[in-house]
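> Need a 3D model of the following:
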Amino acid sequence: MASKNHTTLAVVATLAAASVGYYLYRRSQQKSSKKTVVFVLGGPGAGKGTQCDKIISTYPSFKFFSAGDLLRAERKKEGSKVGEMINQKIANGEFVPASVTVRLLKDAMDSCPPGSKFLIDGFPRNLDNVNVWEEILASECDVKFCLFLDCPEGIMIERILERGKTSGRNDDNIETLRKRFRNFEKDTIPIVQSFEKTGKLRKVKADRAVEKVFEEVKLLFEGV
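Numbers count the residues shown, from 1 in each chain. Modelled structure (predicted):
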């Protein structure tokens, strides 16, 4: 009888171990199947686009999407009502509805090969962005961290006004810029702070030469 009980216990233990092993395997598969994402935030003129260019040149497994570029592309589509609405919002220094931005990001990521990693510039900018991302994309994506390029407002203004001489962007002017900075302080800084609270913020001082900034940024992407 003792031998029989011992055999039964051994079988139960083996089945339990197999079940746990399968569960852990499934969890690892689910996690590995998620899209790897890094967000990049910073005020207007903090150097997000410049640093993102250097990141994707150094780490080609990352695909780059700028929320702003995707929105600007939509604005250029002839006869697009969404494009007209985006134009008006940006000209007023206001945020575009989160549902529009997130859907554009989802379409862009879905168009990439499986296993691609994503560097997303200028998102999430406000609580609506966060909420809609959670609703639509959180189950598909593994956000590794948020890179925050921290730069004084005075330097960002100088950079933007200089860029405005050749960019052709209707939001590169001092009036719109002031609205964008106030919106950034009111809506985006709390998002930055929330990433910090969860341990997912990586802050880099961005008021230095491009290469100096990138030396620090590069270290954050090792092994991602």
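
> Against K63, how distant is K54?
Note on K54: its distance to K63, by Cβ to Cβ, to the nearest Å, is 15 Å. For every residue, glycine as well, the C-beta is placed using N, CA and C.

> what separates stretch 98-109 from the chain centre, distance-wise?
Mean-position distance between stretch 98-109 and its chain equals 12 Å (Cα atoms, centre = their mean, to the nearest Å).

> got a list of contacts for it?
Contact partners of stretch 98-109, identified using Cβ atoms under 8 Å, 6 or more residues apart in numbering, comprise 35, 63, 65, 67, 70-71, 74, 82, 85-86, 116, 118, 120, 123-124, 126, 128-129, 131-133, 136-137.

> same deal with stretch 116-128?
Taking Cβ under 8 Å, 6+ apart as the rule, stretch 116-128 contacts 35-41, 48-49, 52, 55-56, 59, 61-69, 95, 97-98, 101, 105, 109, 112, 129-130, 133, 141, 184, 187-188, 190-191, 224.

> Buried residues, it. List them.
Within stretch 116-128, the residues scored as buried using 16 or more other Cβ atoms under 10 Å are 117-126, 128.

> In strands only, show me the residues you listed.
Among those, DSSP state E puts 117-121 in strands.

> of these, closest to L147?
Of all these, L147 sits closest to L119, with 8.6 Å by Cβ to Cβ.

> partners of the closest one in the sheet?
With DSSP bridges as the criterion, L119 is bridged to V38, F64.

> Let me see the confidence value for it.
Per-residue pLDDT puts L119 at 98.

> separation between it and I160?
In terms of Cβ to Cβ, L119 sits 22 Å off from I160.

> cool, V100 as well?
V100 is 24 Å from I160, where distance means Cβ to Cβ.

> Between these two, tell me which one has more neighbours.
Remark: of V100 and I160, I160 carries more neighbours, 23 against 19, as counted by other Cβ atoms under 10 Å.

> With the flanking residues excluded, which residue is spatially nearest to F118?
Of all residues not flanking F118 in the chain, V37 sits nearest, at 4.9 Å (Cβ to Cβ, 6 or more residues apart in numbering).

> tally of neighbours for that neighbour?
For V37, using other Cβ under 10 Å, the count is 23.

> Report the contact partners of it.
The contact partners of V37, by Cβ under 8 Å, 6+ apart, come to 117-118, 120, 141-144.

> If we use 6 Å, what do you get?
By Cβ atoms under 6 Å, 6 or more residues apart in numbering, the residues touching V37 are 118, 141, 143.

> Distance to I174 for the residues you listed - can I get that in JSON lines?
Output for the contacts of V37, formatted as JSON lines (distance: Cβ to Cβ, whole Å):
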{"residue": "F118", "distance to I174": "33"}
{"residue": "C141", "distance to I174": "37"}
{"residue": "V143", "distance to I174": "34"}
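
> from those, which is closest to K165?
Distance to K165, by Cβ to Cβ, is smallest for F118 among those, at 31.7 Å.

> Could you report the separation of that closest one from K35?
6 Å.

> K200 contacts F145, correct?
Yes. At 4.8 Å, K200 counts as touching F145 under the criterion of Cβ atoms under 6 Å.

> neighbour-wise, which of those two wins?
Neighbours around K200 and F145, counted as other Cβ under 10 Å, are more numerous at F145. The numbers are 18 against 14.

> Next, that one: secondary structure please.
Recorded secondary structure, F145: strand (DSSP: H, G, I helix; E, B strand; the rest coil).

> same thing with D207?
Criterion first, three-state DSSP; result for D207: coil.
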